[in-house]
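> got a predicted model here, sequence first, then my questions.
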Amino acid sequence: MIQSPCIKVCVMNPAAGICSGCGRTLDEIARWGMMSDAERARVMQELPQRLKNKIVIPGEPRSGEGRGPRY
């Protein structure tokens with residue numbers, strides 16, 4: 001069974017339509033447990049490129065950045 005890519009940073013990027021933490025869409029997150037291994041493998045292959053190309057919203061934490069206060 002393929003593990004979930006969830007990193008417990010569940011913040012949807014509305015401009016990109018993906019979670020800023022794992023790169024999945026809301027539909028993929030909701031259906032993850034019901035997907036076949038082949039479907040999950042396909043999604044897992046797409047995630048790095050999705051996260052790399054996502055639209056960055058000002059003020060949104062980026063990969064590797066903390067969630068502390070911004071001054």
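In hand now; what should we look at? Numbers count the residues shown, from 1 in each chain.
> in the protein, which spans are strands?
Here the chain has its strands, by DSSP state E, at 12-13, 18-19.
> residues near the nearest residue to residue 7 once chain neighbours are set aside, how many?
Among residues not flanking residue 7 along the chain, residue 21 sits closest, at 4.8 Å (CB to CB, 6 or more residues apart in numbering). Glycine gets a C-beta too; all of them are placed from N, C-alpha and C. Residue 21 sits with 18 neighbouring residues when counted by other CB atoms under 10 Å.
> other residues contacting the longest helix along the chain?
Scanning the chain for the helix with the most residues, using DSSP state H, yields helix 37-53. Helix 37-53 is contacted by residues 1-2, 5, 16, 18, 20, 22-24, 28, 32, 35, 63 when judged by CB atoms under 8 Å, 6 or more residues apart in numbering.
> quick check on those: which are buried?
When those are checked for burial by 16 or more other CB atoms under 10 Å, the buried set is 5, 16, 18, 20, 22-24, 28, 32.
> those residues: which two are farthest apart?
The distance between the two most remote of the buried ones among the contacts of helix 37-53 (CB to CB) is 18.5 Å, for 16 and 32.
> returning to that earlier point: what's the most buried one of the strands of the chain?
strand 18-19 (a mean of 24; mean count of other CB atoms under 10 Å).
> strand partners (parallel or antiparallel) of that one?
strand 12-13 (antiparallel) (DSSP bridges).
> and the strand it pairs with, how far out from the chain middle?
8 Å (CA atoms, centre = their mean, to the nearest Å).
> try stretch 26-35
12 Å.
> what do you get for stretch 7-22?
Offset of stretch 7-22 from its chain centre (CA atoms, centre = their mean): 5 Å.
> cool, and stretch 29-42?
14 Å.
> how far away is the residue nearest to residue 7 from residue 4?
Distance of residue 21 to residue 4, computed by CB to CB, to the nearest Å: 11 Å.
> list the buried residues for the longest helix of the chain?
40, 43-44, 47, 50-51.
> show me the shaky parts of the protein.
By pLDDT under 70, the weakly predicted segments of the chain are 55-71.
> redo that, cut-off 80
1, 54-71 (pLDDT under 80).
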